[in-house]
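> Model the following, please.
(chains A and B)
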Amino acid sequence: MCARLEVKNATFSYDGKRNIFEDISFSVDCGDVFCILGPNGTGKSTLLRCLCNLYPLNAGNISIDGLDISSYAPKKLAKKIGFIPQIHTPTFPYSVLQVVMMGRTPHLNTFASPSHKDREIALEALRTVNIEHIWDKPYTELSGGQMQLVLMARVLAQEPEILLLDEPTSHLDVGNQIYTIKMIKKLSQKGLALVMTSHFPDHTFLSSSKVGIMKDRKFLAMGPAEVVVTEENLQDAYGVPIKIVYIDGEIKRKIAVPVVKD
Amino acid sequence: MKQVEIAGQENSHNSSDFTLSSKAKYRFYPGKVSINFILFLLLIGVLITSLFMGRYPVDPVTVVVIVVSGILERIGDTIANITGVKIAFFWSIPHTWSIIVNTVVWDVRLPRAVAVVLAGSGLAVSGATYQGVFRNPLVSESILGVSAGAGVGAALAILMDQGTGVIQLSAFVFGLLAVSMTFAISRVYRSNPTLVLVLAGIIIGGLFSAVISLLKFVADPYSKLPDIVFWLMGSFAKASTANFILVVPVILIAMLVIVLLRWHLNVISMGDEEARSMGIDTKLFRPVVIVCSTLLTAAAVCIGGVIGWVGLIIPHISRMLVGPDHKDMIIASILLGGSYLLAVDTLCRTLTSVEIPISIVTSILGAPMFLYLLYRAKKTWS
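Reported below is the predicted structural model:
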C-alpha cells in the first residue's frame, strides 16, 4: 500500500469568474502528512474536495499513482482516497457501528450489504479510534468530538491509501486533539498519505512532514514545518502578530502563540 | 505522559469488556429479523381476514380452503397447458362450496386485496426511499408532484368519458409527466440538487393542483364532477385483475430494484458528497432510486386513486420497529404498508353500507398516528 497524490497547477472556481484558488501544485507520498494552514475562507476545504474529485478543476490536474482522478471509477477512487468532511449533518439515528460499516461501500457489490467480515473490519476501526464501547449508540446523540471520531473510524474502515481530513481537530477537546494527532502520525507510519487542513499552527510541529500556508488563492509558503511555519509567514497569513517560542524541559518543542496587546 | 482517555469519560464501561468479540454481542436489535417475520405473518393474517369479511358471508376456514385449492388448480392448469397432459392431481380438493362463494373470493375479493397490498407496499417503500434519498424524514411519496399529476390525468380521462382502464393509464402517464417536469426544472440549477428537486416538486404539485381545480370547475356538476371527486378520494372498488394486471410488473420490478439497493440507501442518506467519497456513483444511483419510487407511487395512485399519509407514516413506524438501517427498514415498510392499507380498505368496505373513500380513513388515522410519532421521535429530529 503506497499511493502518490500529485497536484499540478490546480485552479478552481465555482462560477467560472472568480478563482477560489489558482495554480496550486504539490505532491504527497505515502508516509507524508501534508497540513494546509490558512485563514477562514481561503478555500482549504474546497481544495480538499477537489482532491477527491467532488468538484472538478477548471484547470490543471490531480493524479493518483500517475492516473488522473477523473479517470477513476467512483468505487476505485474511494478505495484509493478517503475524505472526512468537517461538518456532518445527521438525518437518521443510525448506530455508530452502522455508520462505520458504510465505509465498506467501495468494497461491496452494488446489490450487496456488508458481510460478517466487513463488520469485523468496522469494529477494528472503532478500536483504532478507541470508541468501541459506544458501538450501538445512535450517532445522532453523540457529542461533536465523538461524531468526529466516528467519521474517522468510518474512513479507516474504507481502507484508503490517501486520507483527506478537513479540520480533524476542530470539534475536539485538548485531550482528543492530541489523541487525534498521534493517530494521524501512527497512520502515516503505517504507509498512508494524509492531507489535512488545520487552524492550529502548533499541530504542524507535532505531526506534519510538510506544510502549505494558503492565502489569497495560493500557497504563501510550502515545505517542512520547521522552515515554513515562521513568525513572518503566520503574520502574513493571519494578519496578527504570532510568536514562535521553543519550550525546553518536559515539552521540548516549538509552539506558536498569538501576541495580543491592549 | 498522562494517559488520554477518549470520548468516554461519562461512560463507566471497562474497555476490556469489548475485546471479547462474539457474534451475538454486536447484534443491534436482537429481534429484528423476527420482527420482519412477525410483520409477514401479520400480512398473511390481514389478507385472510379481508377475504372472509364483507357483505357476503364466507367463513374463514372455507376462505383458506378456496384459496389453497384455487392456487393448486391453477398450478395444475398451467402445467397442463405447458405439457399438454392433463393430470388428475392427488391434491384436488372436492368443491363443497357454491360457485358464488368461489366467485366472491377469487374474482372479487382476492384481486382487490392483491391490488391494495401492492399499492400499500409501493406507497410505503417509495415514501421510505424518498425520505432516505432526500435526507428528510418528513417528505412523502407525493413530494415530486406525482399525485397531483395523476389527479390531472384521471380527471381528464373522466371528462372525456373514458373507461376505468383509460383513466388508470392516463393517471399513470400524467403522474410520470409531472415528475419529469419536476426533474426538468431542477436541472436548471446546478447547486444543491436535492433542495432544488424538492422545491421544483412543490412548484409542479401546485401547478397540477390548480389544473385539477380547473377541470373540476368545467366538469358537469351532475355526472362528471362527482366521479372526479370520488377518484381523488381514492378507492379500490373498481380494482379487478384485468384493470391492474398491467401495472403489477411495474410495481414488482421497481420494488425489486429498491430492495436490492436498500443497504446503499444508508450511504446515500449521509449526503451526496459523503456518499460520493465512499464510492457511490450518485449521478447514477440517485436517479435510479428516485425513478423506481416514482414508478411505485404512480402505479399505486393509478390503481387506487390518491391515498395520503401511507408513504409518510409507515416508514416511521417501520423505523421505530426495526431501526433506521434501510436493510431491515425497507422490508418492514413493504410488509407493514401492505397490511396497513389492506386493513384500512377492509374497514372501508365493511364498516358502513356505503363504501367509504379510502383516503378519508388513511387521513383520519394518519394524522393522530403522525402526531404520536412526532412526540416519540422529537429527540432525533431536533
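
> give the contact list for the residue in the stretch 151-300 of chain B that chain A sits nearest to.
As assessed by C-beta to the nearest C-beta, chain A sits closest to B:G279 within the stretch 151-300 of chain B, at 3.0 Å. In this view, the C-beta of every residue, glycine as well, is placed from N, C-alpha and C. By C-beta atoms under 8 Å, 6 or more residues apart in numbering or on different chains, B:G279 lies in contact with A:P74, A:K75, A:K76, A:L77, A:A78, A:K79, A:T105, A:P106.

> so is it in a helix, a strand, or just coil?
The three-state label given to B:G279 by DSSP: H, G, I helix; E, B strand; the rest coil is coil.

> how close does it get to A:G191?
21 Å (C-beta to C-beta, to the nearest Å).

> what bridges to the residue nearest the centre of chain A?
Geometric centre of chain A, nearest residue: A:L165, 1.6 Å, by C-alpha atoms, centre = their mean. Beta bridges link A:L165 to A:I84, A:M196, judged by DSSP bridges.

> Over to B:L342. Which of the three states is it?
With three-state DSSP as the criterion, B:L342 reads helix.

> Tell me the confidence at the residue in the stretch 101-250 of chain B positioned nearest to chain A?
Residue of the stretch 101-250 of chain B nearest chain A, by C-beta to the nearest C-beta: B:R135 (4.4 Å). Model confidence at B:R135, given as pLDDT, is 87.

> Can you tell me the closest non-neighbouring residue to it?
Nearest non-adjacent residue to B:R135, counting by C-beta to C-beta, 6 or more residues apart in numbering or on different chains: A:T91, 4.4 Å away.

> List the residues that contact the one you found.
B:R135, B:N136, B:P137, B:S269.

> Just list the residues touching the nearest residue in space to the last one that is not next to it in sequence, thanks.
Once flanking residues are discounted, B:S269 sits nearest to B:G132: 4.5 Å by C-beta to C-beta, 6+ apart. Residues in contact with B:G132 (C-beta under 8 Å, 6+ apart) are A:F92, B:L265, B:N266, B:I268, B:S269, B:H326.

> Could you report the neighbour count for the residue nearest to B:L260 when sequence neighbours are not counted?
Nearest residue to B:L260 in three dimensions, chain neighbours excluded: A:F111, at 4.4 Å (C-beta to C-beta, 6+ apart). A count of nearby residues for A:F111, using other C-beta atoms under 10 Å in any protein chain shown, gives 12.

> coming back round to it: and the contacts of B:G132, which of them are in helices?
B:L265, B:N266, B:I268, B:H326 (DSSP state H).

> Please report the distance of the spatially closest residue to the third one that is not a sequence neighbour from B:F370.
On the basis of C-beta to C-beta, 6+ apart, the spatially nearest residue to B:I268 that is not a chain neighbour turns out to be B:A275, at 4.8 Å. Note on B:A275: its distance to B:F370, by C-beta to C-beta, is 28 Å.

> so how many other residues sit close to B:W106?
Neighbour count for B:W106, taken as other C-beta under 10 Å: 16.

> whoops, I mixed them up, A:G212
There are 23 residues near A:G212, going by other C-beta under 10 Å.

> How far away from the center of its chain is the strand or helix carrying it?
Using DSSP states H and E, A:G212 sits within strand A:210-215. Here strand A:210-215 is found 14 Å from its chain centre; the criterion is C-alpha atoms, centre = their mean, to the nearest Å.

> related to what we said a few turns ago, run through the residues that contact the residue nearest to the centre of chain A.
A:I84, A:M152, A:I184, A:L194, A:V195, A:M196, A:T197.

> I'd like the residues you listed as TSV, with distance to B:L261 and neighbour count appended.
As requested, the contacts of A:L165 are exported to TSV (distance: C-beta to C-beta, whole Å; neighbours: other C-beta atoms under 10 Å in any protein chain shown):
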residue	distance to B:L261	neighbour count
A:I84	25	22
A:M152	27	25
A:I184	35	24
A:L194	32	25
A:V195	32	26
A:M196	33	25
A:T197	34	24
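
> so which of those comes closest to B:I38?
Minimum distance to B:I38 across these is 37.8 Å, recorded for A:M152 (C-beta to C-beta).

> and the helix or strand that contains B:F37 with chain A, contact?
Assigned by DSSP H and E, B:F37 falls within helix B:32-52. No - Helix B:32-52 does not reach chain A (C-beta under 8 Å from any C-beta of the partner chain); its nearest approach is 11.8 Å.

> what's that helix packed up against?
Using 3 or more C-beta pairs under 8 Å, 6 or more residues apart in numbering or on different chains; DSSP states H and E, the elements in contact with helix B:32-52 are helix B:60-83, helix B:110-133, helix B:310-322, helix B:326-350.

> I'd like the next helix or strand past the first one.
Okay, so that is helix B:60-83. helix B:99-103.

> and that following helix, which residues are buried?
B:V101, B:N102 (16 or more other C-beta atoms under 10 Å in any protein chain shown).

> which residues touch that helix?
By C-beta under 8 Å, 6+ apart, helix B:99-103 touches B:Y56, B:V58, B:T62, B:I66, B:G70, B:H95.

> ok, of those residues, which come out buried?
Among those, those scoring as buried are B:V58, B:T62, B:I66 (criterion: 16+ other C-beta under 10 Å).

> Using the three-state scheme, assign the residue of the stretch 101-250 of chain B closest to chain A.
B:R135 - assigned by three-state DSSP - is coil.

> One more: A:L194?
Secondary structure assignment for A:L194 (three-state DSSP): strand.

> What separation do you get for it and chain B?
15 Å (C-beta to the nearest C-beta, to the nearest Å).

> Check what pLDDT that residue gets.
95.

> Model confidence score at B:L232, please.
89.

> so it sits right up against B:S213, yeah?
No - in this structure, B:L232 is not within contact of B:S213 by C-beta atoms under 8 Å, at 10.8 Å.

> more neighbours, the two?
B:L232 (19 against 11).

> Model confidence for residue 139, exactly?
Just going to use chain A. Looking at A:Y139, its pLDDT stands at 92.

> you looked at the wrong chain, it should be chain B
Note on B:V139: pLDDT of 83.

> cool, and B:Y340?
For B:Y340, pLDDT reads 97.

> mind listing the strands for chain A?
Remark: strands assigned in chain A by DSSP state E are A:5-12, A:21-28, A:33-37, A:59-64, A:67-68, A:81-84, A:162-166, A:193-197, A:210-215, A:218-223, A:242-247, A:253-258.

> Pairing partners for the fifth one, with directions?
Partner strands for strand A:67-68, per DSSP bridges, with pairing direction: strand A:59-64 (antiparallel).

> check contacts around residue 53.
Unless you meant another one, I'm taking chain A. A:I62, A:I69, A:S70, A:Y72, A:L77, B:R276.

> hm, I was asking about chain B
Here B:M53 is in contact with B:T346, B:T350 (C-beta under 8 Å, 6+ apart).

> can you pull the pLDDT of it?
pLDDT recorded at B:M53 is 89.

> biggest helix in chain A by residues?
Looking across chain A with DSSP H, the single longest helix is helix A:174-189.

> Surely B:R319 is in contact with B:I35?
No - contact criterion C-beta under 8 Å: B:R319 and B:I35 do not qualify, at 11.8 Å.

> Neighbour count for these two, which is higher?
B:R319 (24 against 19).

> Leaving out sequence neighbours, find the closest residue to that one.
Among residues not flanking B:R319 along the chain, B:M329 sits closest, at 5.6 Å (C-beta to C-beta, 6+ apart).

> Next: A:D29.
A:D29 sits nearest to A:R4 (C-beta to C-beta, 6+ apart), 5.2 Å away.

> now swap in A:P93 and tell me
A:P138 (3.7 Å).

> ok, now A:D216?
A:T42 is the one closest to A:D216 (C-beta to C-beta, 6+ apart), at 7.4 Å.

> Equivalent analysis for A:E22, please.
A:T11 (4.3 Å).

> Many thanks, we can stop here.
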